[in-house]
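Chemist: need the 3D shape of this:
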Amino acid sequence: MRMKIYSTLFYLFFFFIIASSAWAIKPRPPLQLSLHQADVSEEVSKVTLIATANLDIRRVELRVKLSSGLSLMKGEEKWEGPLKKGEAQKMELIIQHPGHAPREVAGEGIIHLDEGGVFIQKVTITLSGEAP
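Modeler: All right, here's what the predicted structure looks like:
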């Protein structure tokens, strides 16, 4: 009888430990970055970098880096400023990618911390170059 009670308690304890960890709130990075592509033609794409703050950020730098062979036709490769929790910042660029050039575009968010350090988050996309 005692053994049955102990084994039941053990299984209940085990279930609550496993179940509680499955329902736990997962930590999120302070900044969510995403890159999106829309083809304008076979050799031109519109790329959008979206940065969404998961907390108030006093100073963040957003950068877009193009692999060699790609050229920026329109837009800015850099933005800097504050973001409030839930606020999003969009950077829209028109990029030319001729021929068989490497087609990698990288987005980077650099959060400058009050203590003097930085938190860096990166995201990368490879342009498909398919005609619309």
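
Chemist: now do the nearest residue to Leu66 once chain neighbours are set aside, the pLDDT please.
Modeler: In this structure, Leu66 finds its nearest non-sequential neighbour in Val105, 5.9 Å apart by Cβ to Cβ, 6 or more residues apart in numbering. No exception for glycine: its C-beta is placed from N, CA and C like everyone else's. On pLDDT, Val105 comes in at 93.

Chemist: how about Val105, what does it touch?
Modeler: When contacts are counted by Cβ atoms under 8 Å, 6 or more residues apart in numbering, Val105 touches 35, 37, 47, 64-67, 70, 95, 124-127.

Chemist: just the pLDDT for the residue most central in space within the chain.
Modeler: Nearest to the geometric centre of the chain sits Leu33, at 2.5 Å (Cα atoms, centre = their mean). pLDDT, Leu33: 95.

Chemist: and the next helix or strand past the one helix or strand it maps to?
Modeler: Assigned by DSSP states H and E, Leu33 falls within strand 31-39. Heading C-terminal from strand 31-39, the first helix or strand you meet, by DSSP H and E, is strand 44-53.

Chemist: give me the buried positions along that following strand.
Modeler: Val44, Ser45, Lys46, Val47, Thr48, Leu49, Ile50, Ala51, Thr52, Ala53 (16 or more other Cβ atoms under 10 Å).

Chemist: before we move on, what about stretch 67-75?
Modeler: Leu70.

Chemist: can we start the residue count at 14 from this point?
Modeler: That works, and once the first residue is 14, the last one we named lands at stretch 80-88.

Chemist: off-centre distance for that stretch?
Modeler: 21 Å (Cα atoms, centre = their mean, to the nearest Å).

Chemist: contacting residues around it?
Modeler: Contacts for stretch 80-88 (Cβ under 8 Å, 6+ apart): 57, 79, 104-112, 114-118, 140.

Chemist: straight-line length of it, end to end?
Modeler: 16 Å (Cα to Cα, to the nearest Å).

Chemist: show me the strands in this structure, by range?
Modeler: Assigned by DSSP state E, the strands in the chain fall at 44-52, 57-66, 70-79, 84-87, 91-96, 101-109, 117-125, 131-139.
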